[in-house]
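Undergrad: Model the structure of this input:
(one chain, ligands or ions: 2)
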Amino acid sequence: SPSGSPQFLTVLHTNDNHGRFWHNEQGEYGMAARKTLLDKLRTQAKHKGHAVLLLSGGDINTGIPESDLQLAEPDFKAMSLLGYDAMAIGNHEFDNPLNVLEQQQKWANFPLLSANILHAADNSHAYQPYTIVNKQGLSIAIVGLTTTDTAKIANPQYLGDLIFAEPAAALSSVVDSLKAKHHVDVVIAVTHMGHFHDASFGINAPGDVTLARNIAPNTIDMIIGGHSQEPVCIDAQGKPDNQFAPGKACAPDQQNGVWIMQAHEWGKYVGKAEFKIENGVKTLLSYELIPVNLKNADGEYINDYIQPDPELKAFLKPYQTFGEKKLKGSIGYVDGYLDGKRSTVRFKQSNLATLIIKAQMSSVDADFGIISGGGIRHSIDTGEVSYKDVLKVHPFKNRITVMQWSGADLYDYLNIVARFPPDSGAYLQYHKLSFDIIDGELSNIMINNEPLNLNARYRMSINSYNAAGGDGYPNLSSLEGFKPTSMTDADVLKAYLQKYSPIKVNSL
Ligand code: ATP
Ligand code: ZN
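TA: Ligands and ions are numbered 1, 2, ... in the order given. Reported below is the predicted structural model:
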């Protein structure tokens, strides 16, 4: 461009879709309404001579049974019709076998990016690290990054030889090499790492703030993020903006000269950033988190209602109908509440965990069973139970496995898994097993009401996630006595409910 004449860029963004291709029961968000909004924003931006980008901070997969049981096909295909330019690969993109992610890349007409997912064998990129798009005379590089926590929290049975390299170094090296090859006006990191205020990432892997602080000035211009699932809005003191609510003003974070933006989750908002680019200097002209048919506490739309795009709605409708058909209808009955709340299943024994483990034990004829509390993702309410209710509890399609081994080997194993602390996903839920932990020592171990016999053999049911090392459980999958099955956790729970309903929660 002729030096001196400014150019303009509008960046539109979302993140953490988690299966929300359709609106919720209250008519909030949904991709068809998002399409209407995006079309309007694009038209306005083009009138003003802006280049327009649409990016996603990843985690398209997992969260809504209608999407999960179709492997997020509606979500990826609709994102293509919405005109996404690129997305970051999120940790939940590894909830399915890797060939599903390959298929999802085919459904998407935009690249799924990550510059820090490598093959262990030769450190080569496992996925496309970056893309360059040219719009309105601007050349824009977009580099993807994925949380290194994926190695810990994703399903180890699917990760194969993938490793998650330190993001700042991966980003710097990719940006150096792409800048050596191409002239670029703007560099954007699209990430799925989380925004942790003032880099206080706690037990999580470092996120976007740490990244921005750990790269050389002018490596990138902005981070479009995800994973922490928050509206990133900062007040005048640089603190999280407690005044933010849907429809209110939002100022993004800025660290080391890098803007950091995130649009909460589920397509609740479209983030919109307008930049002026003049003699290489980028100025943020405006920022907004635009609600997509969000309602207030009185059930009224906060902004003017956005009419869902009829064509996209017609495209998505068959997926929604197919999903609803598969999921509706009663498969059983429970006479009380089965507690799957995060504040229960990661802290103490839960009656829902007992039911789940009973179902898994009976499917493989086990003496006792275990599951990590974090794998239980929803409660089941009193009354009729549908397959949808079951899939909300078990969205991950894990397989049931059984481990048959000696009391002595089991003793060593229990000494690891029984000690995972409360408030972690790893926290152990168990049935037909009991033990005491006194001064850190495991004692009084009972299996099926009998003291553990080091010379006896025991059958333990466990899902494929924990058996493969998920949540830091010892990897059982290559041991003698380990047997996988093709039954999923959801199908086993469904079969148990069908067979034993009504379930009496007080006699579980
Ligand atoms: P994100 O923030 O990316 O959406 P998340 O919501 O899954 O991640 P957490 O709510 O902390 O993050 O949940 C992590 C826990 O979920 C793990 O500790 C584990 O117990 C459970 N989990 C994750 N993936 C699986 C899986 N494939 N199978 C079973 N349990 C899983
Ligand atoms: Zn995530």
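Undergrad: Next, the nearest residue to residue 375 once chain neighbours are set aside: secondary structure please.
TA: Excluding the flanking residues, the one nearest residue 375 by C-beta to C-beta, 6 or more residues apart in numbering is residue 465, at 6.4 Å. To be clear about C-beta, it is placed using only N, CA and C from the backbone, and glycine gets the same treatment. Counting by DSSP: H, G, I helix; E, B strand; the rest coil, the backbone at residue 465 sits in helix.
Undergrad: Compute the number of surrounding residues for residue 465.
TA: Residues near residue 465, counting by other C-beta atoms under 10 Å, number 26.
Undergrad: In contact with it, which residues?
TA: Residues near residue 465 by C-beta atoms under 8 Å, 6 or more residues apart in numbering: 155-157, 372, 375, 396, 398, 471.
Undergrad: thought residue 146 was touching residue 57?
TA: No. Using C-beta atoms under 8 Å, residue 146 makes no contact with residue 57, being 10.5 Å away.
Undergrad: Overlap of the contact sets of these two?
TA: 88, 90, 191-192.
Undergrad: Check which helix or strand residue 355 maps to.
TA: If you go by DSSP states H and E, residue 355 is part of helix 351-364.
Undergrad: by contact count, what packs against that helix?
TA: Packed against helix 351-364 by the contact rule (3 or more C-beta pairs under 8 Å, 6 or more residues apart in numbering; DSSP states H and E) you find strand 368-372, strand 399-406, strand 428-431, strand 457-463, strand 482-488, helix 489-500.
Undergrad: Of the ones you listed, which stretch is the most buried?
TA: strand 368-372 (a mean of 25; mean count of other C-beta atoms under 10 Å).
Undergrad: Pull it out as PDB, backbone CA atoms only.
TA: Provided in PDB are the C-alpha atoms of strand 368-372 (Å, rounded to 0.1, in the frame of the first residue of the first chain):
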ATOM      1  CA  PHE A 368     -15.300 -53.700  41.900                       C
ATOM      2  CA  GLY A 369     -14.900 -50.600  39.800                       C
ATOM      3  CA  ILE A 370     -13.500 -47.100  39.700                       C
ATOM      4  CA  ILE A 371     -13.800 -43.900  37.600                       C
ATOM      5  CA  SER A 372     -12.200 -40.400  38.000                       C
END
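Undergrad: Quickly check: that strand near ligand 1 or not.
TA: Yes. Strand 368-372 reaches ligand 1 (C-beta under 6 Å from any ligand atom) through residue 372.
Undergrad: gap between that strand and the chain center?
TA: Relative to the centre of its chain, strand 368-372 is centred 24 Å away, using C-alpha atoms, centre = their mean, to the nearest Å.
Undergrad: what's the distance between the residue of the stretch 151-300 of the chain found nearest ligand 1 and residue 420?
TA: Per C-beta to the nearest ligand atom, residue 155 is where the stretch 151-300 of the chain lies closest to ligand 1, at 3.9 Å. Using C-beta to C-beta, to the nearest Å, residue 155 is found at 18 Å from residue 420.
Undergrad: quick one: low-confidence ranges for the stretch 401-508 of the chain?
TA: For the stretch 401-508 of the chain, no stretch is flagged by pLDDT under 70.
Undergrad: Up against ligand 1, what does the stretch 251-400 of the chain have?
TA: 372, 374-375, 396, 398.
Undergrad: which among those gets closest to ligand 1?
TA: residue 374 (2.2 Å).
Undergrad: tell me the contacts of that closest one?
TA: With C-beta under 8 Å, 6+ apart, residue 374 has these contacts: 345-346, 424-427, 471.
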